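Novice: Here is my input; please provide its structure:
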Amino acid sequence: SAGKAYSVMAKVSEENAIWMKLCRFHWTPQQIDHVMRLHKELQVKKNWQQVFDRLRKAYGLKEEYPENIHLCRNCSCMYWESYGHPCRTDNIILSEERGGEEAALINQENIKPDVTYLIVTPQEFLKYFHL
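Specialist: Got it, this is the predicted structure:
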């Protein structure tokens, strides 16, 4: 583990307050209380790293990220949610009167496109680079 390889990391990983904060971030107070009641030794020691391990096994980790990557279904472009994505298919429509040879720009206020994106998790994003 990182704690064995580097003495400063050992102190950080053993820091009970950090483990307690991690537990409170990932799980509800009811879930924490339930695991503590099931495992009496955790109530006596209050070793939050062990509590974290038990909770993770019982409930899994919350996958919540401050920023999401989206994948546009129209043009297959990936973009950060906070930056937005002016999709080219929302702005440009081929003119049928001209036989599709030229593109006519359409006023965006007149178009109300459906939300057509997928949220890409970090695990899914990494799969794009797997060879």
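Novice: gap between the two ends of stretch 56-69?
Specialist: 25 Å (C-alpha to C-alpha, to the nearest Å).
Novice: which residues touch it?
Specialist: Applying C-beta atoms under 8 Å, 6 or more residues apart in numbering, the contact partners of stretch 56-69 are 25-27, 31, 35, 78-82, 119-122, 125. For every residue, glycine as well, the C-beta is placed using N, CA and C.
Novice: how about the helices of the chain, start to end?
Specialist: Assigned by DSSP state H, the helices in the chain fall at 2-5, 7-13, 16-26, 29-38, 40-45, 48-59, 88-91, 122-127.
Novice: Would you convert the ones you listed into CSV that also reports mean neighbour count?
Specialist: Shown next, in CSV, are the helices of the chain (neighbours: other C-beta atoms under 10 Å):
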stretch, mean neighbour count
helix 2-5, 10
helix 7-13, 12
helix 16-26, 14
helix 29-38, 14
helix 40-45, 11
helix 48-59, 17
helix 88-91, 14
helix 122-127, 10
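Novice: Distance to residue 72 added to those, as a markdown table?
Specialist: Listed next are the helices of the chain as a markdown table, based on distance: least, C-beta to C-beta, whole Å:
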| stretch | distance to residue 72 |
| --- | --- |
| helix 2-5 | 38 |
| helix 7-13 | 40 |
| helix 16-26 | 31 |
| helix 29-38 | 36 |
| helix 40-45 | 46 |
| helix 48-59 | 33 |
| helix 88-91 | 8 |
| helix 122-127 | 14 |
